[in-house]
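>>> What would the 3D arrangement of this be:
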Amino acid sequence: MNMKKYLISPDKKQYKANLHCHSVLSDGCKTPEELKEMYKSHGYDILAITDHERPRDHQSLADEDFMMLTGYECYIRPNARYDKYDREIHLNLFARDPKNIKMVNFDERYAAYLKRDNAIDTLVRVGDERPREYSVEYINEYIKTAKEHGYIVTYNHPYWSMDNESDILEYDGYFSLEICNYGSYLTNNLEYCGALYDKMLCKGKRVFCHGADDNHNGYPEGHPRCDSFGAFTMIMPDEFSYDSVFDAMEKGEMYASMGPTFKEISVEDGNIHIECSDVKSIFVYVGSKTPSCLIANEGETVNCADFKLDENARYVRVSVRDIYGRWADTRGFFPDEIK
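Coordinates of the predicted model:
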């Protein structure tokens with residue numbers, strides 16, 4: 001008889017985080033101070049202000065109930081200039097040391113926001129400063145260099161970026177896919193990437209998933225185009241400290257959501273048990289053509305399910321959708337993590 005294995009434990013506290021956010025330091029419309037107060041007042045516990053090509057330490061805004069993660073967003077384009085019909089890639093870099101604000105592989109063509117208030121003069125540069133190349137080889141090298149200098153890396157909004165799927169499946173070293181980017185979701189109705197994530201898992205990529213707003217706040221709260229408070233990540237650290245939250249992210253102790261929450265997911269004797277908030281459907285994906293699913297009757301909801309796991313499952317991940325069409329997704333768990 002197997003011991004019960006918790007994929008999401010009911011005994012671990014969950015902290016709500018927005019891991020992608022822009023302020024007036026790049027192309028956002030709110031100050032860092034305003035962003036902190038906005039998210040704290042909406043029940044968030046953690047915020048990462050990831051301004052474009054603008055590493056910045058916001059620890060002065062943190063308090064005992066609210067954490068600021070240090071990070072920034074980089075981009076790599078075929079010719080450095082923005083072209084709405086051309087491909088590009090965006091990566092978020094999160095610093096293990098909250099005081100780490102090193103710029104990886106500085107390229108002056110991307111330095112417009114640094115030049116506005118002379119922040120470039122005090123910039124700490126690391127890595128190769130040759131012009132960035134839009135290629136799988138260079139992108140993998142960039143991610144490797146970022147990790148060597150104390151960062152973990154996420155891959156952001158693949159559909160907005162118009163990146164080739166064949167290239168996406170060759171990127172290595174990033175720890176998590178932005179399975180939902182809410183700002184892009186509002187503008188293209190595509191930026192929920194569950195199918196892409198399953199392709200990554202089928203290829204054996206041990207990549208986690210998370211949700212984020214990527215908010216710029218060009219529209220006020222309450223407007224249908226407001227890009228805040230739409231996608232988030234629930235993180236489950238051992239304690240509410242910067243190091244513990246960072247460790248939980250690195251270990252995949254988190255899940256992505258646009259609204260629904262998970263209370264428990266456990267595996268025992270070849271069965272998976274799921275408890276969640278009220279939803280319309282519960283799916284268990286295993287890398288086959290036929291995932292297990294429970295769909296509520298018309299006008300009803302469900303909040304728990306039990307399924308027999310396929311013994312040939314390539315991986316296991318749970319995805320739920322509520323009556324408003326909002327998703328929540330766990331990461332993929334591979335057989336050696338469950339058995």
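>>> which element is residue 147 on?
Secondary structure from DSSP states H and E places residue 147 in helix 136-148.
>>> Is residue 166 in a helix, a strand, or coil?
helix (DSSP: H, G, I helix; E, B strand; the rest coil).
>>> Tell me how far it lies from residue 203.
Distance of residue 166 to residue 203, computed by C-beta to C-beta, to the nearest Å: 11 Å. Every residue, glycine included, has its C-beta placed from N, CA and C.
>>> try residue 89
18 Å.
>>> domains for this structure, by residue range?
13-258, 263-339 (automatic domain parsing).
>>> For the helix holding residue 147, which helices and strands make contact with it?
strand 71-76, strand 89-95, strand 103-104, strand 151-155 (3 or more C-beta pairs under 8 Å, 6 or more residues apart in numbering; DSSP states H and E).
>>> export those to JSON lines and tack on mean neighbour count and mean pLDDT?
Formatted as JSON lines, those follow (neighbours: other C-beta atoms under 10 Å; pLDDT from 0 to 100):
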{"stretch": "strand 71-76", "mean neighbour count": "23", "mean pLDDT": "98"}
{"stretch": "strand 89-95", "mean neighbour count": "24", "mean pLDDT": "98"}
{"stretch": "strand 103-104", "mean neighbour count": "24", "mean pLDDT": "98"}
{"stretch": "strand 151-155", "mean neighbour count": "24", "mean pLDDT": "98"}
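>>> picking up where we left off before, would you mind pulling the contact partners of the helix holding residue 147?
74, 76, 89, 91, 93, 104-105, 126-128, 132, 153, 167, 170-174 (C-beta atoms under 8 Å, 6 or more residues apart in numbering).
>>> got the phi/psi numbers for residue 244?
The phi and psi torsions at residue 244 (degrees, to the nearest 10) take the values phi -70, psi -40.
>>> what does residue 105 give?
Per-residue torsions, residue 105: phi 50, psi 60 (degrees, to the nearest 10).
>>> dump the residue contacts of the closest residue to it other than its chain neighbours.
Nearest residue to residue 105 in three dimensions, chain neighbours excluded: residue 127, at 4.2 Å (C-beta to C-beta, 6 or more residues apart in numbering). Applying C-beta under 8 Å, 6+ apart, one finds that residue 127 lies in contact with 104-106, 142, 145-146, 149.
>>> Which residue is the nearest non-sequential neighbour of the residue most central in space within the chain?
What sits nearest the mean C-alpha location of the chain, by C-alpha atoms, centre = their mean, is residue 210, with 3.1 Å. In space, residue 210 comes closest to residue 233 once its chain neighbours are excluded; the distance is 4.2 Å by C-beta to C-beta, 6+ apart.
>>> Residue 132 - that's part of a strand, no?
No - judged by three-state DSSP, residue 132 forms no part of a strand; its state is coil.
>>> gap between it and residue 110?
Following C-beta to C-beta, the distance that separates residue 132 from residue 110 is 7 Å.
>>> Count the neighbours of the closest residue to residue 221 other than its chain neighbours for me.
Nearest non-adjacent residue to residue 221, counting by C-beta to C-beta, 6+ apart: residue 228, 6.7 Å away. Per other C-beta atoms under 10 Å, the neighbour tally for residue 228 reads 22.
>>> again, but for residue 224
6.
>>> Please apply the same query to residue 176.
25.
>>> OK, contacts around it?
154-155, 207-210, 249, 252, 331.
>>> Ok, residue 66 next?
36, 39-40, 44-47.
>>> Check those residues and tell me the two furthest apart.
Farthest pair in those (C-beta to C-beta) is 36 and 45. Separation: 11.6 Å.
>>> So for those two, which sits in the more crowded spot?
Set side by side, residue 36 and residue 45 show more neighbours around residue 36, with 23 against 19, by other C-beta under 10 Å.
>>> is it fair to say that one lies in a helix?
Yes - under three-state DSSP, residue 36 sits within a helix.
>>> Give me the nearest residue to it, chain neighbours excluded.
residue 61 (4.6 Å).
>>> Got phi/psi on that neighbour?
phi -90, psi -10.
>>> ok, now how distant is it from residue 324?
From residue 61 to residue 324 the distance is 32 Å (C-beta to C-beta).
>>> So between the two, which is more surrounded?
residue 61 (17 against 10).
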